[in-house]
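**Student:** coordinates only, sequence not included:
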């Protein structure tokens, strides 16, 4: 939708690919976009456009297959949803236990995004009881953080750390990282 609105606003000719309708009817999916000669950059690639030659060159700097070996991919592709969920749960719980120190008060900074929401979910199961939302510049994440806290039935504290507060607590923070 954003590509289409951009094309319309720039008055760029929009030539629809011949096979788009067939893709939609047969598989209910559009492969590689709907416009002819307009391509989506894949993750791990970037494009440079030459104003002189009026051509684009796409370079890959990273392949998703670099993340996992073919053997591991083959093994994981045969895993059940339950197996993957169990492995994920174990990895998250181990990471939480590794970082949790019983001697000091600890908590989770909950932005409301997917990462902090997952950590908060498993953190609650691991007896974390302190959840904090730090304001973003535009405060756009507060409502999401409040919704997640409500779903998890946890109390959410809320704060804004300005430059002065940051430097005031920086030394204490560094000491607590080095000496829990």
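**Tutor:** Cool, the structure landed. These numbers were taken from a predicted model, which means no experiment stands behind them.
**Student:** Could you pull up phi and psi at residue 46?
**Tutor:** Dihedral angles of residue 46 (phi, psi; degrees, to the nearest 10) stand at phi -140, psi 160.
**Student:** I'd like to know how many residues surround it.
**Tutor:** As a burial measure, residue 46 scores 11 neighbours (other CB atoms under 10 Å). All C-beta spots, glycine's among them, are computed from the backbone N, C-alpha and C.
**Student:** Roughly how far does residue 153 sit from residue 131?
**Tutor:** Using CB to CB, to the nearest Å, residue 153 is found at 11 Å from residue 131.
**Student:** contacts for stretch 102-112?
**Tutor:** The set of residues external to stretch 102-112 that reach it, using CB atoms under 8 Å, 6 or more residues apart in numbering, is 100, 116-117, 119-120, 123, 128-134, 136, 141-149, 156, 176, 180.
**Student:** if you look at the residues you listed, which of them are in strands?
**Tutor:** 131-134, 156 (DSSP state E).
**Student:** Show me the shaky parts of the chain.
**Tutor:** 1-18, 20-39, 104, 135-138, 175-180 (pLDDT under 70).
**Student:** any idea which residue of it is furthest from its center?
**Tutor:** No residue in the chain sits farther from the centre than residue 52, which is 37.0 Å out by CA atoms, centre = their mean.
**Student:** what's the single longest helix in this protein?
**Tutor:** The longest helix of the chain (DSSP state H) is helix 81-99.
**Student:** Now do that one: which elements does it pack against?
**Tutor:** helix 114-125 (3 or more CB pairs under 8 Å, 6 or more residues apart in numbering; DSSP states H and E).
**Student:** Now the helix it packs on: buried residues?
**Tutor:** Applying a neighbour-count criterion of 16 or more other CB atoms under 10 Å, the buried positions in helix 114-125 are 116-117, 119-124.
**Student:** can you give me the helices for this structure?
**Tutor:** Listed in chain order, the helices of the chain (DSSP H) span 2-10, 20-27, 70-77, 81-99, 114-125, 142-152, 163-178.
**Student:** residues in contact with the fifth one?
**Tutor:** What it means is helix 114-125. Outside helix 114-125, the residues that reach it (CB under 8 Å, 6+ apart) are 89, 92-93, 96, 108-110, 128, 131, 145, 148-149, 152, 154.
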